[in-house]
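S.K.: the following comprises the amino acid sequence and a computationally predicted model.
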Amino acid sequence: MEASKPPEFAIDVSDAISAPEAFGASFDAAPLAEALELGEGLEGDPAVAFRRTLGMFATGVTVLTTRAGEQVHGMTANAFMSVSLRPPLVLISIDRRAKMGALLHEGTHFGVSVLEAKQTGLSDRFAGRVADELPEATFEIVHETPLVEGALAHLVARVVRSYWGGDHSLFLGQVEFARYGEGRPLLFHGGRYERLIEDPRVFSLLPRELLDPILALGEERTYAEGELVMRRGEEGCDLLLIVEGSVRIERPGFSMERGAGELVGEIEVLDPGEGRTADVEALEPLRAITVTRERLLSALEADPRAAVALIEVLASRFRETA
Ligand code: FAD
């Protein structure tokens with residue numbers, strides 16, 4: 001069945017695919033193998049290489065929803081982007097074969113539900129993937145538009161423009177409703193789901209009898225209020241245990257506080273070359289014990305039980321993201 005097209009499509013998109021000259025010389029009709037140069041070492045099907053290259057761009061995952069009469073239609077999409085703050089605009093890119101594209105026209109409302117880290121099942125459901133036990137979705141209606149309940153953030157937008165996008169159609173939506181909650185997003189990267197690591201602790205999870213001998217090798221240091229204890233980008237060459245006072249850990253888009261009894265720099269001390277990911281500032285006069293990487297490694301060498309426990313913690317972290 002021919003998908004009905006938004007009125008802005010001055011040219012029939014199916015004609016445009018087969019006759020791209022209608023769009024001028026900028027759209028090359030050559031087969032992908034000729035149109036796209038692959039970098040060194042990339043061989044085989046250019047479409048696969050192109051797809052994999054695009055897959056390096058990590059995104060969140062959304063479920064787009066709209067109403068078709070009394071029915072709700074949803075589809076999973078990661079081709080969603082913010083466009084403008086004033087006016088509030090977003091853009092989605094829909095495969096021309098998808099049912100969703102046929103349902104969107106100028107003036108139609110669509111919902112965007114940004115999925116939370118544990119909602120891989122909902123993503124699979126709305127991508128039409130087949131699996132034994134996919135969760136049921138429930139919807140709430142806002143601005144007469146269905147939104148997936150339990151998502152991390154929601155937007156309702158009205159289609160104001162649509163554009164030809166090769167084998168996809170682009171829909172620009174003016175946002176009429178927005179809200180977000182607490183939580184972590186589901187990510188999509190390299191063709192698979194990913195999650196942000198929820199818990200940056202490593203050494204803190206070691207049993208006390210294994211951790212204490214490591215901390216015993218540290219030296220006490222004090223810091224004045226406002227002093228930078230660790231600086232973003234510098235080599236992460238020590239681990240710090242806060243004995244008294246508190247610190248703020250800060251990088252763009254992220255801020256948290258840590259207090260007495262907590263460790264800072266746990267991952268970086270194991271991987272110092274990558275540099276510290278955040279600034280750490282003393283929020284008040286601070287007393288801390290710092291253990292250098294050198295001493296820490298010698299403690300692990302001295303007690304293989306600590307090294308094994310550490311590997312177990314790291315393996316569980318890996319499992320968390322896999
Ligand atoms: P269908 O294939 O008919 O529906 C999709 C699925 O949702 C079906 O299983 C259907 O049963 C279910 N469903 C629909 N409505 C409801 C409802 N009310 N209640 C319960 N289930 C319902 N494609 C793009 O075009 N653009 C993208 O940006 C994009 N990003 C993607 C990102 C990811 C991570 C994944 C996994 C897929 C992505 N896709 C994208 C592919 C897209 O999700 C699928 O091709 C999808 O099947 C297209 O949906 P459709 O509109 O054709 O409808």
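M.R.: Received it, and whenever you're ready, just let me know what you need.

S.K.: where does the stretch 201-322 of the chain dip in pLDDT?
M.R.: 253, 319-322 (pLDDT under 70).

S.K.: same thing with the stretch 1-150 of the chain?
M.R.: In the stretch 1-150 of the chain, residues with pLDDT under 70: 1-29.

S.K.: show me where it has its strands.
M.R.: Assigned by DSSP state E, counting those that start in this stretch, the stretch 1-150 of the chain shows strands spanning 59-60, 62-68, 71-77, 80-84, 89-95, 109-114, 139-142, 145-148.

S.K.: listing partners with orientation, what would you give for the second one?
M.R.: Strands adjacent to strand 62-68 in the sheet, as given by DSSP bridges, are strand 71-77 (antiparallel), strand 109-114 (antiparallel).

S.K.: need the strands of the stretch 1-150 of the chain in CSV with distance to Ser255, can you?
M.R.: To be clear about C-beta, it is placed using only N, CA and C from the backbone, and glycine gets the same treatment. CSV is the format used below for these (distance: least, Cβ to Cβ, whole Å):
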stretch, distance to Ser255
strand 59-60, 21
strand 62-68, 26
strand 71-77, 30
strand 80-84, 22
strand 89-95, 26
strand 109-114, 21
strand 139-142, 30
strand 145-148, 29
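
S.K.: of all those strands, which lies closest to Leu310?
M.R.: Smallest distance to Leu310 across the strands of the stretch 1-150 of the chain (Cβ to Cβ): 31.7 Å, for strand 59-60.

S.K.: what are the contacting residues of the closest one?
M.R.: Contacts to strand 59-60, defined as Cβ atoms under 8 Å, 6 or more residues apart in numbering, come from residues Asn78, Ala79, Phe80, Val114, Leu115, Pro185, Leu186, Leu187, Phe188, His189.

S.K.: and the strands paired with strand 62-68, which is most packed in?
M.R.: Comparing the strands paired with strand 62-68 by mean neighbour count (mean count of other Cβ atoms under 10 Å), strand 109-114 ranks first with a mean of 24.

S.K.: what about it, distance to the chain center?
M.R.: The chain centre lies 18 Å from the centre of strand 109-114; the measure is Cα atoms, centre = their mean, to the nearest Å.

S.K.: re the thing from before, dump the strands paired with strand 62-68 to a markdown table, plus distance to the ligand.
M.R.: Below are these laid out as a markdown table (distance: least, Cβ to the nearest ligand atom, whole Å):
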| stretch | distance to the ligand |
| --- | --- |
| strand 71-77 | 3 |
| strand 109-114 | 11 |
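
S.K.: in stretch 267-287, which residues are buried?
M.R.: Ile267, Glu268, Val269, Leu270, Arg276, Thr277, Ala278, Asp279, Val280, Glu281, Ala282, Leu286 (16 or more other Cβ atoms under 10 Å).

S.K.: helices of this structure, start to end?
M.R.: Taking DSSP state H, the helices of the chain run over residues 13-18, 32-35, 46-55, 99-103, 120-126, 208-215, 293-302, 304-321.

S.K.: which single one of the buried residues of stretch 267-287 is nearest to the ligand?
M.R.: Thr277 (26.5 Å; Cβ to the nearest ligand atom).
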